[in-house]
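A.B. asks: Quick check, what structure comes out for this input:
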Amino acid sequence: MPQKLTEKALLLCDKGAKPSQLKVTSQTFSKADEKLIATEQDKQAETNIPNFGACAVTHGQCTPAVVKWNKTTEKDTINNFKILTDESTCQCSVGGKISVQDKGHTEKHEVYK
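C.D. replies: Residues are numbered from 1 along each chain as shown. Alright, predicted model coming up:
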């Protein structure tokens with residue numbers, strides 16, 4: 001079963017040089033392991049997704065350009081936004097694919113799709 005992502009989740013871009021820690025700003029009340037749970041609205045560059053260092057596509061500083069999260073929950077929502085899971089990915093419009101390296105918590109918080 002997929003696990004919910006929290007604000008301490010580590011993200012990885014296949015075109016970036018280093019992992020990045022997700023920051024949740026889409027909601028302030030729903031938590032797992034005392035950490036805010038991430039939703040599909042947590043996709044803003046630098047606000048929610050810090051840069052991944054050097055970009056292999058541009059050969060310069062990474063600037064995440066996320067359009068939409070994929071593989072979110074189908075039914076579970078927070079504030080009508082779908083929840084991100086450890087299976088969620090998103091495409092960067094510059095050319096990389098962002099995936100989850102670590103869900104950001106140690107508890108088991110399964111999501112039923």
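A.B. asks: Please name the nearest non-neighbouring residue to the residue nearest in space to the middle of the chain.
C.D. replies: Among the residues of the chain, the one closest to the centroid is residue 22, at 5.6 Å (CA atoms, centre = their mean). Nearest non-adjacent residue to residue 22, counting by CB to CB, 6 or more residues apart in numbering: residue 9, 4.3 Å away. All C-beta atoms are positioned from the backbone trio N, CA, C, and that covers glycine.
A.B. asks: so the most far-flung residue of the chain relative to its centre is in which element?
C.D. replies: Within the chain, the residue lying farthest from the chain centre (CA atoms, centre = their mean) is residue 59, at 23.2 Å. Assessed by DSSP states H and E, residue 59 sits outside every helix and strand.
A.B. asks: and it, how far is that from residue 101?
C.D. replies: Going from residue 59 to residue 101 by CB to CB, to the nearest Å gives 23 Å.
A.B. asks: and what of residue 85?
C.D. replies: 14 Å.
A.B. asks: Neighbour count: the two, which is higher?
C.D. replies: It is residue 85, of residue 85 and residue 101, that has more neighbours when counted by other CB atoms under 10 Å, with 24 against 14.
A.B. asks: How about that one: what's its closest non-neighbour residue?
C.D. replies: Nearest residue to residue 85, sequence neighbours excluded (CB to CB, 6+ apart): residue 2, at 3.6 Å.
A.B. asks: Can you give me the pLDDT of that neighbour?
C.D. replies: We have a pLDDT of 88 for residue 2.
A.B. asks: Repeat that for residue 5.
C.D. replies: pLDDT, residue 5: 93.
A.B. asks: so it makes contact with residue 85?
C.D. replies: Yes: assessed by CB atoms under 8 Å, residue 5 is found in contact with residue 85 at 6.2 Å.
A.B. asks: any common contacting residues for those two?
C.D. replies: By CB atoms under 8 Å, 6 or more residues apart in numbering, residue 5 and residue 85 have these common neighbours: residue 100.
A.B. asks: can you give me the strands for the chain?
C.D. replies: Secondary structure of the chain (DSSP state E): strands at 10-13, 20-21, 31-32, 35-36, 66-70, 77-78, 81-82, 89-92, 97-102.
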